[in-house]
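A.B. asks: Here is a sequence with its predicted model. Questions after.
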Amino acid sequence: MPKVEMANATDVVLKVENLKKFFPVRKGVFSRAKSFLHAVDDISFEIKRGEVLALVGESGCGKTTTGKTLVKLYEPTGGKIKFLDRDVTDLRSDVDKKWFHSKSQMIFQDPFESLNPRKTIFDIVSEPMNIQNKGNLKYREEKTMEILKRVGISPPNAFLWRYPHELSGGQRQRVAIARALVMNPEFVVADEPTSMLDVSIRTQVMKLMMDLISDMNMSFLYITHDFAVARYMSDYISVMYLGKMVEYGKTEEIIQNPLHPYTKALISSVPVPDPEFKRKSIQIKGGIGKAIDPLPRCRFYDRCLLAMDICAKKEPPLLDVGSGHKVACFLYDKKEK
Amino acid sequence: MKPILEVENLKMYYSTKLGYVKAVDGISFVLNEGESLGLVGESGCGKTTTSMAIMRLLAENAEILSGHIYFKGKDLLKLNNEEMNKVRWAGISMIFQAAMNSLNPVYKVGDQIIEAIITHEPNVTFEEARERVVNLYKLVGLDPKRIDNYPHEYSGGMKQRAIIAMSLSCNPDMIIADEPTTALDVIVQDMILKEMSRIQKKLNMSMIYISHDIAVIAEVAEKIGIMYAGKLVELSDSVTIFKRPAHPYTIGLMSSFPSVKGEKKELVTIPGEPPNLLNAPDSCRFAPRCPFATKECLEKEPPYEEIEPNHFIACFHPQNLRKQVNEYAKG
Ligand SMILES: Nc1ncnc2c1ncn2[C@@H]1O[C@H](COP(=O)(O)OP(=O)(O)OP(=O)(O)O)[C@@H](O)[C@H]1O
Ligand SMILES: Nc1ncnc2c1ncn2[C@@H]1O[C@H](COP(=O)(O)OP(=O)(O)O)[C@@H](O)[C@H]1O
Ligand code: SF4
Ligand SMILES: [Mg+2]
Ligand SMILES: [Mg+2]
């Protein structure tokens, strides 16, 4: 790979093609046959510079697995990940790994678990610079203070030598954000970063992230189960169901005009903070299962009230139904319907 | 309308080595028969503590310092243990926070409900109790065939339905539900909330819903109480709370909540963080975060007053909505 980076060569920062991540599971206690849980099953998308893509879906649909695979905490089972025009699916050499990890970061859901309790705030935030051998101690201290201040931890020098347990949940999540951003990454995965925070703190952290994303012109994958949060945080929304991407489009378009029967049910179930609003939810059958050795059919088939014969026979592809709004459902597939 | 529960100036503190944690500090409200009240507030503001005080299930270090809790006219704080035991379950039953994780994994779900019935009503036979469980299952939308399954054979939503069935098992007049849907995905949450509302109306029960989620409360409660740092800061019918909130904290809360419906409004942030309740001062506890705070707010405690019929607020400077949102936006 060339040493010189061509960071601005293209607008597309991350390009994912047919990404798969399967986990082996045992069928029964005595069974030798291997089964696979299809946590992420053949998904493709791209994120441009400065763009936020929200990954939305119920728990267990594969959001975290997608995020971890993209920042290489998991090896993909199949597919291709291209980052800044380089194929990073298999990173062999230490130099390549170091390069990749200096440019991509992940923020986790639980601010109480994601920070090492035995390390000071300075150690935690400056660690990525240590690993990357970036600058001397003085530089690292300055950089740490600067980013802590930027995320609203002030005065930063009052916090440098404290431990995570001495901070509130909101402050911890700010520290986790500071750590992720201290190396100026190009791409960040944020996995439900505000779901453990209280309402008033959640809005503060959401606003902070919006500011940082636009200031630093980062590309973001924002994982959330909450459509209302996704509406505020993202430019595009992608809806996942049991390892599949079932719908993708501009955020406001998905919120106002969802097409997939699953997306419709999800959005119509979100409680509305207005006692005079009479919400009508769209029903679906049963509950969410697990995609273990799934049949080649629409993964939503069992729960769909609109299912047709064809839905049991093959998988609906994700097709563009106009101006970039994509949906994987035979109801919108003119060829098949 | 007949009141079923009247809470008057209730104070419940936790004593710790460092001093008192003023978890519930002088709150008052009335719940009428057949009415649903939502208590909303952020983590640690005293929601669970309030319900524990009503049920008189006190932690070892908890102390009720003052107040009255009248249930159907009788002060629960004056009852002896035996009398209080009769009120629990048959009078007031409670769905505890994260209750669905407390089902015992080694017993069948139905048996756990049968046991609860027989413990509280010793005259009921096993067969009668089982018959009651069958009816309860039908009421909460569970298939009675599932009675003999173990908890791990239930999904999250089914467990929560079983917990609701259990809370109904001794025909209570009133239920307190502490974060009944917090652990559930949105589709299941929607079904459970609908089920609870339906049952509440059908049985004409009184309900207290506790949640940190104002959208959930907006959908199920007729009356809403906003709690902040151990205090009830505002209380009124739900439309007033949402359309004409007067307390600066309520206004901030309402305008910081994202929604999927309506136009996409700019989110407003409340600066700062909730205070530590350890040795909390006798001033307005919201004052350090409040854009309208004056010297008075930092020195004295605002009285809890009725500013218009059935609209209570504890604030020296009740606001009008539009003006305040602008103030917040200015920061
Ligand atoms: N046994 C205890 N000893 C000391 N302090 C306690 C005890 N139990 C609760 N507290 C404190 O009392 C306050 C109120 O707690 P409570 O559990 O009632 O809050 P809550 O509103 O239900 O919060 P959440 O939304 O997190 O459930 C908090 O500051 C909490 O830390
Ligand atoms: N390390 C793992 N080993 C086996 N199965 C896993 C692992 N991580 C996740 N899964 C399974 O993969 C599916 C997707 O999980 P996850 O990505 O955590 O979903 P989400 O973040 O959307 O809740 C689930 O069925 C989950 O149980
Ligand atoms: S493809 Fe068929 S089963 Fe799947 S969501 Fe569309 S209509 Fe329903
Ligand atoms: Mg997850
Ligand atoms: Mg609680």
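C.D. replies: In hand now; what should we look at? Ligands and ions are numbered 1, 2, ... in the order given.
A.B. asks: Spell out which residues of the stretch 201-331 of chain B are next to ligand 1.
C.D. replies: B:212, B:277 (C-beta under 6 Å from any ligand atom). C-beta coordinates here come from the backbone N, C-alpha and C atoms, glycine included.
A.B. asks: ranges for the strands of the stretch 201-331 of chain B?
C.D. replies: Counting by DSSP state E, counting those that start in this stretch, the stretch 201-331 of chain B has these strands, from start to end: B:206-211, B:223-228, B:231-237, B:304-308, B:311-314.
A.B. asks: could I get the ones you listed as a markdown table with mean pLDDT?
C.D. replies: Formatted as a markdown table, these follow (pLDDT from 0 to 100):
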| stretch | mean pLDDT |
| --- | --- |
| strand B:206-211 | 97 |
| strand B:223-228 | 97 |
| strand B:231-237 | 97 |
| strand B:304-308 | 93 |
| strand B:311-314 | 96 |
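A.B. asks: In TSV, list those along with mean neighbour count.
C.D. replies: Output for the strands of the stretch 201-331 of chain B, formatted as TSV (neighbours: other C-beta atoms under 10 Å in any protein chain shown):
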stretch	mean neighbour count
strand B:206-211	24
strand B:223-228	25
strand B:231-237	25
strand B:304-308	13
strand B:311-314	22
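A.B. asks: Give me the distance between the spatially most central residue of chain B and ligand 3.
C.D. replies: The geometric centre of chain B, computed from its C-alpha atoms, lies nearest to B:Ile210 (C-alpha atoms, centre = their mean), at 2.6 Å. Distance check for B:Ile210 against ligand 3: by C-beta to the nearest ligand atom, to the nearest Å, it reads 36 Å.
A.B. asks: just checking, that residue touches B:Thr181?
C.D. replies: No: in this structure, B:Ile210 is not within contact of B:Thr181 by C-beta atoms under 8 Å, at 11.0 Å.
A.B. asks: For ligand 1, what's its nearest residue on chain A.
C.D. replies: Residue of chain A nearest ligand 1, by C-beta to the nearest ligand atom: A:Asp198 (8.0 Å).
A.B. asks: what does stretch A:201-218 contact?
C.D. replies: When contacts are taken as C-beta atoms under 8 Å, 6 or more residues apart in numbering or on different chains, the neighbours of stretch A:201-218 outside the stretch itself are A:49-50, A:52, A:150-152, A:168-170, A:173-174, A:177, A:181, A:184-188, A:190, A:193-194, A:197, A:220, A:229, A:232-233, B:42, B:256-258, B:267-271, B:273.
A.B. asks: Flag the shaky bits of chain B, pLDDT-wise.
C.D. replies: Confidence mapping of chain B against pLDDT under 70 gives the ranges B:321-331.
A.B. asks: On the three-state scheme, A:Ile284 is what?
C.D. replies: In the three-state summary, A:Ile284 is assigned as coil, counting by DSSP: H, G, I helix; E, B strand; the rest coil.
A.B. asks: sorry, back to before: what residues are up against the residue of chain A closest to ligand 1?
C.D. replies: Listed by C-beta under 8 Å, 6+ apart, the contact partners of A:Asp198 are A:169-170, B:42-43, B:212, B:274.
A.B. asks: from the residues you listed, which is closest to B:Ala162?
C.D. replies: Within those, proximity to B:Ala162 (C-beta to C-beta) peaks at B:His212, which comes in at 23.7 Å.
A.B. asks: Any stretches of the stretch 201-337 of chain A with poor pLDDT?
C.D. replies: Applying pLDDT under 70 to the stretch 201-337 of chain A picks out residues A:337.
A.B. asks: residues from it in reach of chain B?
C.D. replies: The interface of the stretch 201-337 of chain A toward chain B, taken as C-beta under 8 Å from any C-beta of the partner chain, is made up of A:201-204, A:206-207, A:225-229, A:231-232, A:252, A:255, A:265-267, A:269-277, A:279, A:281, A:284, A:287-288.
A.B. asks: The residue of chain B most remote from its centre sits in which helix or strand?
C.D. replies: No residue in chain B has its C-alpha farther from the mean C-alpha position than B:Glu127, which lies at 34.1 Å (C-alpha atoms, centre = their mean). Element membership for B:Glu127 (DSSP states H and E) is helix B:126-139.
A.B. asks: Quick one: distance of that helix to the chain centre.
C.D. replies: Using C-alpha atoms, centre = their mean, to the nearest Å, we find the averaged C-alpha position of helix B:126-139 to lie 27 Å away from the chain's own average C-alpha position.
A.B. asks: Check stretch B:237-250 too.
C.D. replies: In terms of C-alpha atoms, centre = their mean, the gap separating the centre of stretch B:237-250 from the centre of its chain is 17 Å.
A.B. asks: quick one: terminal-to-terminal distance for that stretch?
C.D. replies: Across stretch B:237-250, the straight-line distance between its terminal residues is 13 Å, by C-alpha to C-alpha, to the nearest Å.
A.B. asks: go on, stretch B:100-109?
C.D. replies: The stretch stretch B:100-109 measures 11 Å between its terminal residues, going by C-alpha to C-alpha.
A.B. asks: and if you look at stretch B:137-153?
C.D. replies: 16 Å.
A.B. asks: then the longest helix seen in chain A to PDB, C-alphas only?
C.D. replies: Under DSSP state H, the helix in chain A containing the largest number of residues is helix A:199-216. In PDB, the C-alpha atoms belonging to helix A:199-216 read as follows (Å, rounded to 0.1, in the frame of the first residue of the first chain):
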ATOM      1  CA  VAL A 199     -33.100  12.700  29.000                       C
ATOM      2  CA  SER A 200     -31.500  16.100  29.800                       C
ATOM      3  CA  ILE A 201     -27.900  14.700  29.500                       C
ATOM      4  CA  ARG A 202     -28.800  12.700  26.400                       C
ATOM      5  CA  THR A 203     -29.800  15.900  24.500                       C
ATOM      6  CA  GLN A 204     -26.500  17.500  25.600                       C
ATOM      7  CA  VAL A 205     -24.500  14.600  24.300                       C
ATOM      8  CA  MET A 206     -26.500  14.400  21.000                       C
ATOM      9  CA  LYS A 207     -25.900  18.100  20.400                       C
ATOM     10  CA  LEU A 208     -22.200  17.700  21.200                       C
ATOM     11  CA  MET A 209     -21.900  14.900  18.700                       C
ATOM     12  CA  MET A 210     -23.700  16.800  16.000                       C
ATOM     13  CA  ASP A 211     -21.400  19.700  16.500                       C
ATOM     14  CA  LEU A 212     -18.300  17.600  16.400                       C
ATOM     15  CA  ILE A 213     -19.300  15.700  13.300                       C
ATOM     16  CA  SER A 214     -19.800  18.800  11.300                       C
ATOM     17  CA  ASP A 215     -16.700  20.600  12.800                       C
ATOM     18  CA  MET A 216     -14.400  17.600  12.100                       C
END
